[in-house]
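Trainee: have a look; sequence and predicted model below, questions after that.
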Amino acid sequence: MTARPSPATTPDQGPSGRGNIRVGVVTFPGTLDDRDTLRAVRIAGAEPVPLWHRDKDLKQVDAVVLPGGFSYGDYLRAGAISRFSPLMETVIDQARAGMPVLGICNGFQVLTETHLLPGAMLRNNHLHFICRDQKLRVETSETAWTSDYAAGQEISIPLKNIDGRYVADERTLDELEAEGRVVFRYLDMNPNGSLRDIAGITNEAGNVVGLMPHPEHAVEPLVGTGRTDGLGFFTSILKKLVNA
Amino acid sequence: MTLDTVKHATETPDAEQPWAELGLKKDEYERIREILDRRPTGAELAMYSVMWSEHCSYKSSKVHLKQFGEKAPESDALLVGIGENAGVVDVGQGYAVTFKVESHNHPSYIEPYQGAATGVGGIVRDILAMGARPVAVVDPLRFGAADHPDTKRVLPGVVAGIGGYGNCLGLPNIGGEVVFDPCYQGNPLVNAGCIGVMKHEDIHLAKASGPGNKVILYGARTGGDGIGGVSVLASETFESTGPAKRPAVQVGDPFQEKLLIECTLEIFKENLVAGIQDLGGAGLSCATSELASAGSGGMRVELDTVPLRDATLSPEEILMSESQERMCAIVEPQHVDRFMAICEKWDVIATVIGEVTEGERLEIFWHGEQIVDVPPRTVAHEGPVYHRPYARPEWQDALQADDAAKLPRPKSADELRAQVLKVVGSPNQASKAWITDQYDRFVQGNTVLAQPEDAGMVRIDEESNLGVAMATDGNGRYAKLDPYTGAQLALAEAYRNVAASGARPLAISDCLNFGSPEDPGVMWQFAEATRGLADGCQELGTPVTGGNVSLYNQTGETAIHPTPVVAVLGVIDDVTRRTPIAFAEAGQLLYLLGDTKEEFGGSAWSDVVHGHLGGLPPAVDLDREKLLAEILISASRDGMIDAAHDLSDGGLVQAVVESCLRGGAGARLVVPDGLSAFTFLFSESAGRAVVAVPRSEELRFTDMCGARGLPATRIGVVDGEEVEVQGEFRIPLAELRTAHEEAIPGLLA
């Protein structure tokens, strides 16, 4: 089943009081999926705003996406250096204050490095880069980025990474499960050895979400896998902000 | 430590020089002395030796390659032809596309990961240097036998290198090939292609004009990698202070390349460069001499300003270093500050290393002392040209007489069924998903088709849905049997693949992989293949825009099969009209387009079932290929077909199985009158495709084929969950899937 996208009309008034809902997309050196993510934001009907890692200013955006890629060449550890960029300081503060933040793939790795989300990503258990159309179950619609999905809904979106194996200690995993903070689980096959098939998680407040697969590559029927199952991420945030 | 300056060289005319160790012939060394009217300095000798190498000068192949220009068809599409970093074609709506295929064969055998990675990096910089944003890559690969232990060393390294580098650049990998043959055991072929897109006005050329303009080297620091043979010179001319042995294979850093791409595109956007060149083979020697030679001729470089990774490098080594991720730009003085600011933004090191000068000499200085003073054209463009002897090998007749028609054919339906499973599950015919799933095919969000489709296709304009497609093909077995026909079959197959996807073929690039040019038999193969390709391109109306020649692919006396690989670029006005290979909708009618003949020479069947290579390859009819392409393109544009798959190695049954597995639907086939089931399934006649036609379009489609004179035979229907050949056998899709998809992981994972 495909997520129902909201009508792609632009709301007149956003919460920031300047008209459009503005969703920022961060470019670090080595970010790859920034342009795709900007496009996905636009297709969903929000205003995409490019953000640069060296700036501190978030340009009055209403939400932020940290896209995929190999920021700083994944030197040291994936996401380890980006986490210290000037922009991330502001993003961390704003996320703690409730701003919706989505981390995709390398963005998820950055979020775990900042400790906005618990756990860490290790190299895939088979040691290869893997690019595939991946089936997921949306475990909860109670986050800023999944409200347009139904809990239990199955979606397929591309997965592509080499460091995608989610790990955390048993207590953290139990907590995530108990608090309903596992947002996505791999279905049919676990592509990287992630513990408990976890593909994505959220923070306690539900405003910060991170996942390894790529919703921004599944927003148009024409390209990628030919499905639009990822569009719901971007329509979810748009709806939340319009209704805020 | 004595610096071998121009002055010193003039004063010591009789000093011994290691020209032979650097790969120069005696007469070549004499010619350098003649050009300079003195002995060359060490730095000059190094520059000439590397620029006059086979790899840089095309000295053995040049006389044959010129046919590509002489026989070039009239084409409105060609904006920039052979000779630049890459050719450029017009694809309409103000867009231009640049593309090229190159080889990185030898480095990839020595060090598979870095060899393949830097192959990707090099071709991407070639495309970038034309002014284009790289939008996709493809990788035609050839390895030794799939079950040979060394293949398990080379292939995973090459694949990881391509993925590790390409994935980090954010370029979707949309196509290519993987072929196994024992002839590539000691000489894997790692070819890499890239497509870039720009607006017409953004085309940039590699030339240095305008005295006073600055020469800026930017990107990675220069290190000791890729120096290879030149270290001989360093150790003989100088007292060695650095490490004696340097790695000959370059080491890549995709993160640096990604920054270089974004930085360069921003520089182009602000129109800050007058000329640009990437640094690849022969490093700064090549970039400075080619820029100066193609421009007004004069350039002065202060070599000691080049940022180094290793402070002990000698000037010769700096000139020769093939350190990756570097570019050289010619910038007017008033733009230098802005150029530097953009580099700083992207954390890219940029250094003014010299300037364009009046006059026609390339002059290089080391701490104020002149070490190079040459006419740049003699280095870059006026290297030696060889007319190497060539002769048809004695064994060629016997090979062609060893006809595949005499091979025993299956005697029963059961045997035929078993052979079908054997062929579709053989390493060459099996699914390559285990390999291609290690490449990112989704990034940039414009991938419309990617492997295992017939052609890769990307959208280049989101508003109009304009797109481009590319297919690469080559069949060394065919070319071994007949190099002229083999080259045309490679061209025809890539052309057909592009048309099957719905795109109109526009132009080609080629990567010509052969053995030693010093062997007259190999040289004959090369001459025949280039002649075949040039004639074919003339007939199909697709000019050669550029490419690459890789010679000396041999182990001892044994050369690889002659392997011309052809990349065809096509354009499609509306990517929503593209045709995939998948049979997905039950009830659709299957039509076989073209004529099926008894053609098994060089076939997959003869290889897999009999281990045989002999006879003649399938005949080529380029008029038929053109007609077939027109039908496929029209049918796609007008919505008459839902799927199309070209027929090539493995024949009809291979195509049907791939299309069924891709779409998850079965097929029921009827053997047409006048054909045996065996010939129907395994013949490799060229100029054919299989298409799935919705019932509502059948009449319109068959009328079109009839009116234009293309044979179209109804051969069955999409249905069920098995491939059935009526009266012969049935094979469930699950059984086919196991055979087709588990072969490669079983051998290599």
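Mentor: Received the coordinates, thanks.
Trainee: so what's the gap between stretch A:37-48 and the chain middle?
Mentor: In terms of C-alpha atoms, centre = their mean, to the nearest Å, the centre of stretch A:37-48 is found 14 Å from the chain centre.
Trainee: so B:Phe365 sits in a helix?
Mentor: No. Secondary structure assignment (DSSP: H, G, I helix; E, B strand; the rest coil) places B:Phe365 in strand, not in a helix.
Trainee: residues contacting it?
Mentor: B:Arg300, B:Val301, B:Glu302, B:Leu303, B:Asp304, B:Ile371 (C-beta atoms under 8 Å, 6 or more residues apart in numbering or on different chains). Using the backbone N, CA and C atoms, a C-beta is placed for each residue, glycine as well.
Trainee: between those residues, which is nearest B:Ala479?
Mentor: Nearest to B:Ala479, judged by C-beta to C-beta, of those is B:Val301 at 43.2 Å.
Trainee: and that closest one, how many neighbours does it have?
Mentor: Per other C-beta atoms under 10 Å in any protein chain shown, the neighbour tally for B:Val301 reads 26.
Trainee: ditto for the one 10 residues further on
Mentor: By the other C-beta under 10 Å criterion, the neighbourhood of B:Ala311 contains 7 residues.
Trainee: if we can go back for a sec, now list the buried members of the contacts of B:Phe365.
Mentor: Buried subset of the contacts of B:Phe365 (neighbour count, 16 or more other C-beta atoms under 10 Å in any protein chain shown): B:Arg300, B:Val301, B:Glu302, B:Leu303, B:Ile371.
Trainee: and those residues, which of them are in strands?
Mentor: B:Arg300, B:Val301, B:Glu302, B:Ile371 (DSSP state E).
Trainee: and B:Arg300, bridged to which residues?
Mentor: Note on B:Arg300: beta-bridge partners by DSSP bridges are B:Glu355, B:Glu363.
Trainee: for the nearest residue to A:Leu159 once chain neighbours are set aside, helix, strand, or coil?
Mentor: Leaving aside its chain neighbours, A:Leu159 sits nearest to A:Gln134 (3.8 Å; criterion: C-beta to C-beta, 6 or more residues apart in numbering or on different chains). Here A:Gln134 is strand, with the state taken from three-state DSSP.
Trainee: give the contact list for A:Gln134.
Mentor: Residues near A:Gln134 by C-beta under 8 Å, 6+ apart: A:Ser156, A:Ile157, A:Pro158, A:Leu159, A:Tyr186, A:Pro191, A:Ala199, A:Pro213.
Trainee: dump the residues you listed to TSV, plus secondary structure and neighbour count.
Mentor: Supplementary listing: those in TSV, determined by DSSP: H, G, I helix; E, B strand; the rest coil; neighbours: other C-beta atoms under 10 Å in any protein chain shown:
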residue	secondary structure	neighbour count
A:Ser156	strand	20
A:Ile157	strand	29
A:Pro158	strand	25
A:Leu159	strand	24
A:Tyr186	strand	23
A:Pro191	coil	25
A:Ala199	strand	29
A:Pro213	coil	30
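Trainee: and those as TSV, adding distance to B:Phe143?
Mentor: Converted to TSV, the contacts of A:Gln134 look like this (distance: C-beta to C-beta, whole Å):
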residue	distance to B:Phe143
A:Ser156	32
A:Ile157	33
A:Pro158	28
A:Leu159	27
A:Tyr186	32
A:Pro191	26
A:Ala199	34
A:Pro213	31
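Trainee: between these, which sits nearest chain B?
Mentor: Closest approach between those and chain B, by C-beta to the nearest C-beta: A:Pro158, at 4.7 Å.
Trainee: out of the contacts of B:Phe365, which two sit at the greatest distance?
Mentor: Across the contacts of B:Phe365, the longest distance by C-beta to C-beta is 12.9 Å; it joins B:Arg300 and B:Asp304.
Trainee: which residues does B:Gly157 contact?
Mentor: B:Glu111, B:Pro112, B:Tyr113, B:Ala116.
Trainee: of all residues in the stretch 51-200 of chain B, which one is closest to chain A?
Mentor: Residue nearest to chain A within the stretch 51-200 of chain B: B:Gly170 (3.3 Å; C-beta to the nearest C-beta).
Trainee: same question, the stretch 251-400 of chain B
Mentor: B:Phe255 (2.9 Å).
Trainee: pop out the phi and psi values for A:Gln109.
Mentor: Dihedral angles of A:Gln109 (phi, psi; degrees, to the nearest 10) stand at phi -60, psi -40.
Trainee: so which elements touch the lowest-mean-pLDDT helix or strand in chain A?
Mentor: One helix or strand of chain A scores below all others by mean pLDDT, DSSP states H and E: helix A:231-243, with a mean of 91. On a contact count with 3 or more C-beta pairs under 8 Å, 6 or more residues apart in numbering or on different chains; DSSP states H and E, helix A:231-243 meets strand A:22-27, helix A:34-44.
Trainee: perfect, that will be all.
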